[in-house]
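J.: no sequence for this one, just the structure:
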C-alpha cells in the first residue's frame, strides 16, 4: 500500500492577531449569465494549470432533510474568481468542462462532499481534485487542517468566515455582495495557500494526484 503524502505546517498561535487576508474584491469577481460569458470564463480558467475550487449549497436545518445543492460552483485563478450559479443556462456544461478536465488541477478544502454532490446532483465526475485539507497537517498533531488555519500558517494572514453568510440561502438567483465575496474568496484562498507552499511541496502534491 502506498503511504499517503502529508505536508506538515506550523500551527499559528494567534490567528486573530494576524493581518486580514487580502482577498478579491467585486471588481475581480465574475458571475457569468449568458452562453458567451460562460464560454469566455471557461477559456480563461482553462488557460491555467491550477485553480481554486469550492461549492456552496443552501443549508439544511431539519433532521433528515437532504441538501438540494450544490447551488453555486466557484473557481479562482490568481487574479479572478468565477461564480457559476446552477440553474443559469449553460452553467452545468461549462462547469463540467472545467471539473472533468484531467490536466487542470482543482484545489480546495473538504472536497469530499463537493465531489459527492456534483456527481449525485449534476452527473459531474470531477477529475484532478486536490483536497488540501486531507494532505496538510499541523506539526506533531493529527486531524485535518481547515482553510482558516492553513491561511494563517502558510500566508501569515487571517481569513474571516462569517457564519451568517456561510449559512445563507445560496439558492437565491441574486447573491448579495457579502455572499459573492465569501464564495469567491473560499476558492481564491485555497489557491493562494497552495501557491504559498514551497515549489518542492507543490510538485510532490501534483505528482501524487490521481488524474
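T.: Now that the structure is in, tell me what you want to look at. Predicted, not measured: the structure shown is a model, and the values here were computed from it. Numbering: from 1, shown residues only.

J.: Residue 68: neighbour count?
T.: 13 (other C-beta atoms under 10 Å). Backbone N, C-alpha and C define where each C-beta goes, glycine included.

J.: Can you tell me what sits against stretch 203-211?
T.: With contact meaning C-beta atoms under 8 Å, 6 or more residues apart in numbering, stretch 203-211 is reached by 5, 7, 50, 102, 103, 105, 127, 128, 130, 135, 194, 197.

J.: now those residues: which count as buried?
T.: Buried members of these, scored by 16 or more other C-beta atoms under 10 Å, are 7, 50, 105, 127, 128, 130, 135, 194, 197.

J.: Check the spacing between the second one and residue 151 real quick.
T.: This means residue 50. 17 Å (C-beta to C-beta, to the nearest Å).

J.: likewise residue 11?
T.: 12 Å.

J.: where does this structure dip in pLDDT?
T.: For the chain, applying pLDDT under 70 flags the ranges 1-3, 60-67.

J.: hey, which helix is longest across it?
T.: helix 177-196 (DSSP state H).

J.: ranges for the strands of the protein?
T.: Using DSSP state E, the strands of the chain run over residues 7-9, 29-30, 50-56, 72-76, 81-85, 105-108, 129-131, 136-138.

J.: From the chain's centroid, how far away is the first one?
T.: It refers to strand 7-9. A distance of 19 Å separates the centroid of the chain from that of strand 7-9, by C-alpha atoms, centre = their mean, to the nearest Å.

J.: Adjacent strands (with direction) for that strand?
T.: If you go by DSSP bridges, strand 7-9 pairs up with strand 136-138 (parallel).

J.: ok, back up a step: just put the contacts of stretch 203-211 in TSV and tack on distance to residue 83.
T.: Output for the contacts of stretch 203-211, formatted as TSV (distance: C-beta to C-beta, whole Å):
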residue	distance to residue 83
5	31
7	29
50	19
102	24
103	23
105	20
127	21
128	21
130	21
135	26
194	20
197	26
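
J.: quick one: which of those residues is nearest to residue 90?
T.: Taking C-beta to C-beta as the measure, residue 90 lies nearest residue 127 of the contacts of stretch 203-211, at 20.7 Å.

J.: Who are the contact partners of residue 159?
T.: 20, 21, 23, 147, 148, 151, 185, 189.

J.: Can you tell me the closest non-neighbouring residue to the fifth one?
T.: Counting by C-beta to C-beta, 6 or more residues apart in numbering, residue 159 is the residue found nearest to residue 148 once chain neighbours are left out, at 5.5 Å.

J.: wouldn't residue 161 be in contact with residue 148 here?
T.: Yes - between residue 161 and residue 148 there is a contact at 6.1 Å, judged by C-beta atoms under 8 Å.

J.: Compare these two (neighbour count), which wins?
T.: residue 148 (18 against 13).

J.: if I pick that one, what's in contact with it?
T.: 15, 158, 159, 161.

J.: let's go with 7 Å and repeat that
T.: Counting by C-beta atoms under 7 Å, 6 or more residues apart in numbering, residue 148 touches 15, 159, 161.
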